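Participant: Sequence plus predicted model, see below.
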Amino acid sequence: MIYALLYAIVLLLSSVNASTVRLLRSPHRRSDDLWFQISRNATISKYSRDPSLNHAKRQQTGAGSLTNVGSDSAYYIQFSIGTPAKQYNILLDTGSSDLWLASTECNVGCSNLQTLYSAGNQVSSTYDASNGLPFGVQYIGGNITGYTAHETVSLVGFTVTDQLFGVVTSFTTASTVLPPAVTGLMGLAWQPLARLGTPWWQRAATATPWSQPLFAFSLSRSTGMQEATGGRFSIGELDQTAYTGDIDYVNIPSGHQSWWLIPLSSVAIGGTSFAVTGQLAAIDTATSFIGGPPDTLAQIYSTINGATRGTGSNEGYWVIPCDTAVGISFNFGSQTWSINPSDFVIQTQASDICVGAIFEVQFGQSTITPSWVIGDTFLKNVYSVFRYDPPSVGFASLSGTDNAVPAPTDTPLGASTSISPTVTSDASGLYTTVVTVVVATPNPSSTAPQTTQAIVDSTEFAGDQSSSEPQNTALSANNAAGTRCHAFVLGVTTIISLISGLNLIYPL
């Protein structure tokens, strides 16, 4: 009887059609129609990919937020290093090419830094200092010293393994060269400037091709806070919300891929334009202000009533009335870009003394030496793009109201005065230049003494420098063959001096 009953049940179930069975199931309900489109589109996308494509070669993008510290004096970002990854704050510097971090082994000059890098195999499984060599940056009054190591380094979603970097163990200078919240610096210039092999960004672009061959910055203006939202940094993509209009690209001259160097055509101030034909400008995100040739600056500041060349602690700067409100602009390529007048007047710790944001620097003679260093005083007024293929720097008008400045014009403004570059060189053919300058300006609203610093990073490079690391042909820096350059060897006439109350550190 039992077997007969079971046989009857089997026959009954087999007679029920499939549609009846489906109707007996509990339906999987969705309350929103959007889910259906998402599900469909995801499936189509998933199976539309060509399986023959190498996963490592998919184009990628990444972006991260910047923090404005010291009233526009520096902008830092978080990156990660090691396995497991640990995050630190670093400066992104388009004026140098190496990565270095202040470590927990540092026992001189690091006391004001809030976070130090922990190095060692006990901290990270990918850390390797077995072939480490001495590492240092030389400054007047002292050195940054340490040793080299290899580690896995990630920034805005891009990871590079076995990256060579400097572990700093001593800052024997008058003052630590980093803001307290920052642990190190990542150079974003080209390989010929690097002491430590191929720069991180060039290795990242080679390992995982970017959607677009560029990285870009939008820098915000200070709101008066010591730390505030500082804008955005992106790799492989343009932030369409950060700018309006077209990006005007200016090509880097052939063979000049060292700093991000572009020709500067003219500088205009107060309606008078000064032609600076033949001068190159290094676009430098880790420089707070703007540096230019003394003779050119003398003619520019002569247009400002009451401007006088600084002396003593203000030597190298021009003292101007604190109520100065003049328009100043720089012409690159076909466009002229204006600076907000408020960015030009810098108040020192002496509340009744102000200086102009363009200071004097004088460089040695070379065809690839910058005459100008264009820092954040200019860059926070534009959207800036650093493109490696073809090598160029681009600017666009900002879309935000906080950083809004007059729209660019197609030609320089006002009367034109021709000025020739004033540069010097020594018998050896070596030239001098500044790589990085970071100056933290005091907060005018505070009466308490404040710690302020400046960074000037010393770098040397050779045209025949080679590396065993893989390189993309488009990323190769074509320096003049056999040219060997030493950065920032100060001469008697080279001037980068102090704003009152600042500790400035000069490299040799």
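Facilitator: Looks like it came in fine.

Participant: OK, contacts around the nearest residue to Ile358 once chain neighbours are set aside?
Facilitator: Closest residue to Ile358 apart from its sequence neighbours, by C-beta to C-beta, 6 or more residues apart in numbering: Ile290 at 4.5 Å. C-beta: built from backbone N, CA, C; applies to glycine. Each residue near Ile290 by C-beta atoms under 8 Å, 6 or more residues apart in numbering is listed here: 357-359, 372-375, 377-378.

Participant: Could you tell me the per-residue confidence at Ile290?
Facilitator: Note on Ile290: pLDDT of 96.

Participant: repeat for Gly95
Facilitator: Note on Gly95: pLDDT of 92.

Participant: Near it, how many other residues are there?
Facilitator: Gly95 has 30 neighbouring residues, counting by other C-beta atoms under 10 Å.

Participant: hang on, it in a strand?
Facilitator: No. Assessed with DSSP: H, G, I helix; E, B strand; the rest coil, Gly95 is coil; it does not lie in a strand.

Participant: ok, Ala204 touching Ile235?
Facilitator: Yes. Ala204 is within contact range of Ile235, at 7.5 Å (criterion: C-beta atoms under 8 Å).

Participant: hey, what's in contact with both of the two?
Facilitator: With C-beta under 8 Å, 6+ apart, Ala204 and Ile235 have common neighbours 155, 158.

Participant: Can you find the helix or strand of the chain with the lowest average pLDDT?
Facilitator: Lowest by mean pLDDT, DSSP states H and E among the helices and strands of the chain is strand 484-486, with a mean of 24.

Participant: that older thread, of the contacts of Ile290, closest to Trp210?
Facilitator: Proximity of the contacts of Ile290 to Trp210 (C-beta to C-beta) peaks at Ile374, which lies at 24.3 Å.

Participant: Look at Ala204 and Ile235 and report which has more neighbours.
Facilitator: Legend: neighbour count by other C-beta under 10 Å for Ala204 and Ile235, higher for Ala204 (26 against 23).

Participant: Let's see the pLDDT reported for Ser351.
Facilitator: In this model, Ser351 carries a pLDDT of 76.

Participant: any low-confidence regions in the stretch 51-200 of the chain?
Facilitator: Residue ranges of the stretch 51-200 of the chain with pLDDT under 70: 51-59, 138-142, 173-176.

Participant: Please repeat the previous calculation with a cut-off of 80.
Facilitator: Counting by pLDDT under 80, the stretch 51-200 of the chain shows low-confidence ranges at 51-59, 137-143, 172-177.

Participant: And the strands in it, which stretches?
Facilitator: Assigned by DSSP state E, counting those that start in this stretch, the stretch 51-200 of the chain shows strands spanning 62-69, 74-81, 86-93, 99-102, 134-139, 142-155, 158-171, 184-187.

Participant: can you redo these as TSV with distance to Thr348?
Facilitator: Shown next, in TSV, are the strands of the stretch 51-200 of the chain (distance: least, C-beta to C-beta, whole Å):
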stretch	distance to Thr348
strand 62-69	19
strand 74-81	18
strand 86-93	23
strand 99-102	28
strand 134-139	23
strand 142-155	24
strand 158-171	25
strand 184-187	26
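
Participant: Make CSV out of those and add mean neighbour count and distance to Pro263.
Facilitator: Shown next, in CSV, are these (neighbours: other C-beta atoms under 10 Å; distance: least, C-beta to C-beta, whole Å):
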stretch, mean neighbour count, distance to Pro263
strand 62-69, 19, 28
strand 74-81, 22, 26
strand 86-93, 20, 22
strand 99-102, 27, 29
strand 134-139, 18, 29
strand 142-155, 21, 30
strand 158-171, 22, 31
strand 184-187, 26, 23
